[in-house]
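Trainee: Below: sequence and its predicted model.
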Amino acid sequence: QDYITTARAKGLGRMTVLFRHAMRNSLIPVITVLGPIVVGLLTGSLVIENIFGIPGIGSLFVDSIKMNDYSTIMGITIFYSAFYVLVMLIVDVLYSLIDPRIRLAGGKE
């Protein structure tokens, strides 16, 4: 890419070019994928806890569904939703830290 060639032409070292220029651009797709994977790990506990009989929030959720405990169902659903929103917010903030061209406030272009 042109920005790598320019960084090398400025006399920057190989590791500096790699970490400051190449790594920053390559982290955007990685962070995009890692956000939903982290949420999937928590929600995947529903299945794992029930298969192996581990007490936790996933088995509590399934037990509350079986007993029609609507307040617990709604509480755990809100917890999972809030966790999802928080992870996606962290992903968006990381975007702005990695690539300064991406702004959170939607500034002038």
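Mentor: It's in.
Trainee: can you tell me the helix or strand for L12?
Mentor: Assignment of secondary structure by DSSP states H and E places L12 within no helix or strand.
Trainee: Low-confidence ranges, this protein, go.
Mentor: Counting by pLDDT under 70, the chain shows low-confidence ranges at 103-109.
Trainee: what's the longest helix in it?
Mentor: When the chain is parsed with DSSP state H, its longest helix is helix 70-98.
Trainee: buried residues in that one?
Mentor: For helix 70-98, the neighbour count (16 or more other C-beta atoms under 10 Å) marks I76, Y80, Y84, V87, V91, L94, Y95, I98 as buried. From N, CA and C alone the C-beta is placed, and that goes for glycine too.
Trainee: What helices and strands are in contact with it?
Mentor: Here helix 70-98 touches helix 23-43, helix 57-66, going by 3 or more C-beta pairs under 8 Å, 6 or more residues apart in numbering; DSSP states H and E.
Trainee: And the next helix or strand past the first one?
Mentor: To tie it back to what came earlier, the one meant is helix 23-43. Sequence-wise, the next helix or strand downstream of helix 23-43 (DSSP H and E) is helix 45-52.
Trainee: helices or strands up against that following helix?
Mentor: Helix 45-52 is packed against helix 57-66, with contacts defined by 3+ C-beta pairs under 8 Å, 6+ apart.
Trainee: Mind listing what's buried along the helix it packs on?
Mentor: Quick answer for helix 57-66 (16+ other C-beta under 10 Å): G58, S59, L60, F61, S64.
Trainee: now do stretch 11-18
Mentor: Within stretch 11-18, the residues scored as buried using 16+ other C-beta under 10 Å are V17.
Trainee: and if you look at stretch 20-40?
Mentor: Buried residues in stretch 20-40, counted by 16+ other C-beta under 10 Å: H21, L27, G35, V39.
Trainee: Quick one: residues contacting the third one.
Mentor: What it means is G35. For G35, the contact set (C-beta atoms under 8 Å, 6 or more residues apart in numbering) comprises V87, M88, I90, V91.
Trainee: Can you tell me how far the residue lying closest to the last one once chain neighbours are set aside is from I28?
Mentor: So the one you mean is V91. Spatial nearest neighbour of V91, excluding adjacent residues (C-beta to C-beta, 6 or more residues apart in numbering): G35 at 4.0 Å. Distance, G35 to I28, using C-beta to C-beta, to the nearest Å: 12 Å.
Trainee: No more questions from me, cheers.
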